[in-house]
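> this is a predicted model, with the sequence first.
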Amino acid sequence: MKKNKKIIIIAIIILLAIFIASYFIIKSKTHKVSYDLYQVKPITIQKYVTTTGTANPINTINVGAQVSGIFSKLYVWYNSIVKKGQLLAQIDPAPFIQKVDQDKANLASAEANVLKQRAALSYDRLTYIRDEKLWKENLIAHQTEQNAYSVYLQDIAQLKYLEDAVNAAKAQLGQDETNLSYTNIYSPVNGIIINVGVVVGQTVASSFQTPNLFVIGENIKKMEIDTTTNEADLGGIKKGDEASFTVYAYPDKTVWGSVHNIRINPTTVSGVVSYNVTIFFNNDDEKVLPGMTAIVKIYVSEKKGVLGVPNSALRFIPTGENKQILNNITKKLKVGEGVVWVLENGVPKPVIVKLGINNDEYTEVASKDIKSGTEVITGIQSSSKGAAAPGRRMFF
């Protein structure tokens, strides 16, 4: 009995020893941390403003109709390349031709009336001259001579009236011939048809509002991005600044251009003030189409050969770090400073750094403890467990 009791006690002790050893082995493995490190080196950092915009031809022309009527012919369609003076469409000219013909007939009638009146004037002038001579010789009454003179003056006035009627008929004919020419709609520039707003058989009424029949992009090999830029980002932007953008259709293709203009007309939406910054770019391959959304970077400053770290290094905080230590570091930070962590004997150590130029990826840092080749912690390797994780960005 005593022998069995002794065996049981020994077994319990062995199991307890195994359990304690296993606990410490697992615990030591759990706290073994592997860090993602970045070796500091001189880099070029470009500071940029990120915004969005829409691609458009630099010059866009809306072509309308100057007369009302029914469209009878359409000679171009979307994406058609057009030349200046090329016929784009035609409004049915028949009613306008009829009016021109009527005007020509009215003009001919008015000119015939002038000829008739000139003949009457010539006859009545001779009558007046004859009656005046006879009256002076006392061969006819004075009243007869005066009547002849009155008819002569009336003929002069009537001739002037009829000549003015001829001029009015000519003006009407000219106006209607101009309207007839307006039934042919021509391209005012070289370019490409971006939009067509009419079909054959459609009626347009230009008397109410000039309809936009075609939208022509003068040149899609040279285009612009119209961006909406927040007023807070506007201060560093100037004409000539380099810019790049991508579009959703070609996310891997970066297109380069430059700031052409900062329009001073503000736009306010929900209390947020923004301005239109236009960016000119070459579109030689014509892949960027009018209306495409562009994700734009405008480069406002640049530094070359500065020591920089990934922004993740400034956000990293070991989660197991003593809170009192973290609070003390935070109290020491001044405006324009941040904290990076380096390994010292395998343990993260905080280093306060001065911050310089930055963008979405990198930030310039300066410290006597950070040199080219220094390795800073940017995160925890995914294989490590339970030791640390990226935290809030420690800089002010």
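Alright, I've got the coordinates.

> would you state the helices of the stretch 251-396 of the chain in chain order?
311-315, 323-332 (DSSP state H, counting those that start in this stretch).

> helices or strands up against the first one?
If contacts are counted by 3 or more Cβ pairs under 8 Å, 6 or more residues apart in numbering; DSSP states H and E, helix 311-315 sits against strand 337-344, strand 362-366, strand 375-380. Using the backbone N, CA and C atoms, a C-beta is placed for each residue, glycine as well.

> so what touches the longest one?
Outside strand 337-344, the residues within contact range by Cβ atoms under 8 Å, 6 or more residues apart in numbering are 35, 37, 309, 313-314, 316-318, 329, 333, 348-355, 363, 365, 369-370, 374-377, 393-396.

> just the buried ones out of these, please.
Taking 16 or more other Cβ atoms under 10 Å as the criterion, what is buried in the contacts of strand 337-344 is 35, 309, 313-314, 316-318, 329, 348, 350-353, 355, 363, 365, 370, 374, 376-377, 393-395.

> filter the contacts of strand 337-344 down to just the ones in strands.
Among the contacts of strand 337-344, DSSP state E puts 35, 37, 309, 316-317, 348-355, 363, 365, 375-377 in strands.

> what bridges to the most centrally placed residue in the chain?
Residue closest to the average C-alpha location in the chain (Cα atoms, centre = their mean): residue 226, at 2.7 Å. Judged by DSSP bridges, the bridge partners of residue 226 are residue 54, residue 278.

> for it, give me the pLDDT.
Note for residue 226: predicted pLDDT of 96.

> next one: residue 290
Reading off the model, residue 290 has pLDDT 92.

> right, and it touches residue 218 too?
No: in this structure residue 290 lies outside contact range of residue 218 using Cβ atoms under 8 Å: 11.4 Å.

> out of the helices and strands packed on helix 311-315, which is closest to residue 162?
Proximity to residue 162, assessed across these by Cβ to Cβ, is greatest for strand 362-366 (89.1 Å).

> name the helices or strands packed onto that closest one?
strand 41-57, strand 293-310, helix 311-315, strand 337-344, strand 347-358.

> ok, 7 Å please
strand 41-57, strand 293-310, helix 311-315, strand 347-358 (3 or more Cβ pairs under 7 Å, 6 or more residues apart in numbering; DSSP states H and E).

> buried ones in the first one?
For strand 41-57, the buried set under the neighbour-count rule, 16+ other Cβ under 10 Å, comprises 45, 46, 47, 48, 49, 51, 53, 55, 56, 57.

> next secondary structure after that strand?
Next along the chain after strand 41-57, taking DSSP states H and E as the criterion, comes strand 60-64.

> for that next one, which positions count as buried?
By neighbour count on 16+ other Cβ under 10 Å, the buried set for strand 60-64 is residue 63.

> that one: what's the following helix or strand?
Scanning forward in sequence from strand 60-64 by DSSP H and E, the next helix or strand is strand 69-74.

> after that next one, which helix or strand is next?
strand 81-82.

> each with direction, which strands does that following strand pair with?
Sheet pairing of strand 81-82 (DSSP bridges) gives strand 191-196 (antiparallel).

> touching the partner strand from outside, list them.
Residues from elsewhere that reach strand 191-196 (Cβ atoms under 7 Å, 6 or more residues apart in numbering): 76-82, 214-220, 290.

> 8 Å instead, please
57, 60-61, 74, 76-82, 213-220, 290.

> now a ChimeraX select for only the buried ones of those residues.
To isolate the buried members of the contacts of strand 191-196 in ChimeraX, using 16+ other Cβ under 10 Å:
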select :57,74,76,80,82,213,214,215,216,217,218,220,290
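
> where does the chain have low pLDDT?
Applying pLDDT under 70 to the chain flags the ranges 1-11, 15, 17, 19-32, 208-210, 321-322, 382-396.

> domain assignment for it?
According to automatic domain parsing, the chain comprises the domains 31-43+306-390, 50-58+219-303, 60-92+186-218, 94-182.

> next SSE after the helix ranked longest in the chain?
In the chain, taking DSSP state H as the definition, the longest helix is helix 94-136. Following helix 94-136 in sequence order, the next helix or strand is helix 142-182 (DSSP H and E).

> how far does that next one sit from the chain's center?
Helix 142-182 has its C-alpha centroid displaced from the chain centroid by 59 Å (Cα atoms, centre = their mean, to the nearest Å).

> in the helix or strand just after that helix, which residues are buried?
Remark: after helix 142-182, the chain's next helix or strand is strand 184-186, criterion DSSP H and E. Neighbour-count burial for strand 184-186, with 16+ other Cβ under 10 Å as criterion, is recorded at residue 185.

> so how far is strand 184-186 off the chain centroid?
The answer for strand 184-186 is 29 Å, by Cα atoms, centre = their mean.

> still on that earlier bit, and residue 261, which of the helices and strands packed on helix 311-315 is closest to it?
Evaluated over these, closeness to residue 261 peaks at strand 362-366, with 30.0 Å, by Cβ to Cβ.

> so what touches that closest one?
By Cβ under 8 Å, 6+ apart, the surrounding residues in contact with strand 362-366 are 40, 43, 45, 303, 306-311, 314, 338, 340, 353-358.

> that one to strand 41-57, inter-axis angle?
Here strand 362-366 points in a direction 150 degrees away from that of strand 41-57 (axes from the mean of the first three to the mean of the last three Cα atoms, to 10 degrees).

> keeping just the C-alphas, turn strand 362-366 into CSV.
Extracted C-alpha coordinates of strand 362-366, given in CSV (Å, rounded to 0.1, in the frame of the first residue of the first chain):
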residue,chain,number,x,y,z
TYR,A,362,7.7,58.9,-46.4
THR,A,363,8.7,61.6,-43.9
GLU,A,364,12.0,63.3,-43.5
VAL,A,365,13.6,62.8,-40.1
ALA,A,366,16.6,64.4,-38.3
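
> number of nearby residues for residue 94?
12 (other Cβ atoms under 10 Å).
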